[in-house]
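Participant: predicted structure and sequence below. I'll ask about it afterward.
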Amino acid sequence: MKRMEFFIVPHPRGTVRVDVYKKNGTYEAHAKFKDVATAQASGNDKHFAVLQALHELAKFLNKYKGS
C-alpha cells in the first residue's frame with residue numbers, strides 16, 4: 001500500500017489530517033482528528049473516499065460530543 005498524498009483540513013477545535021493510500025486500484029482514506037478519533041473509507045474514486053472518511057469522522061465526533 002503506497003501513500004499518495006495527504007490533506008490538512010483546518011477546524012476551529014483542531015486539525016484533521018487525511019492520508020490517502022492506493023492499493024490494488026482502489027483508494028483508501030484515513031481521517032484522523034488529534035488523538036481522539038480515526039475514520040477510514042475506501043473506494044474507486046479518491047475524492048469520494050476522502051469525503052466519506054471525513055463524513056464518518058464527523059458522525060463519530062458528533063456522537064462523542066453529545067455524551
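Facilitator: In hand now; what should we look at? Residues are numbered from 1 along each chain as shown.

Participant: which of the residues in the helix or strand hosting residue 15 are buried?
Facilitator: Residue 15 is part of strand 14-23, with elements assigned from DSSP states H and E. By 16 or more other C-beta atoms under 10 Å, the buried positions in strand 14-23 come out as 16, 18, 19, 20, 21. (Glycine included, C-beta is placed from N, CA and C.)

Participant: hey, what's the fourth one bridged with?
Facilitator: Read that as residue 20. residue 5, residue 29 (DSSP bridges).

Participant: point out where the protein drops to low pLDDT.
Facilitator: 1, 65-67 (pLDDT under 70).

Participant: what about residue 27, neighbour count?
Facilitator: Close neighbours of residue 27, defined as other C-beta atoms under 10 Å, add up to 19.

Participant: so which strand or helix has it?
Facilitator: strand 26-33.

Participant: what's the angle from that strand to strand 14-23?
Facilitator: Per axes from the mean of the first three to the mean of the last three C-alpha atoms, to 10 degrees, the angle that strand 26-33 makes with strand 14-23 is 160 degrees.

Participant: any idea how far strand 26-33 is from the chain center?
Facilitator: Taking C-alpha atoms, centre = their mean, to the nearest Å, the mean C-alpha location of strand 26-33 is offset from the chain mean by 4 Å.

Participant: elements contacting the helix or strand that that strand is followed by?
Facilitator: Per DSSP H and E, the first helix or strand lying C-terminal to strand 26-33 is strand 37-43. Packing contacts for strand 37-43, counted by 3 or more C-beta pairs under 8 Å, 6 or more residues apart in numbering; DSSP states H and E, involve strand 26-33, helix 46-66.

Participant: what pairs with strand 37-43, parallel or antiparallel?
Facilitator: strand 26-33 (antiparallel).

Participant: so who does the most centrally placed residue in the chain touch?
Facilitator: Centroid check for the chain by C-alpha atoms, centre = their mean gives residue 31 as the closest residue, at 2.2 Å. By C-beta atoms under 8 Å, 6 or more residues apart in numbering, the residues touching residue 31 are 16, 17, 18, 38, 39, 40, 41, 50, 53, 54, 56, 57.
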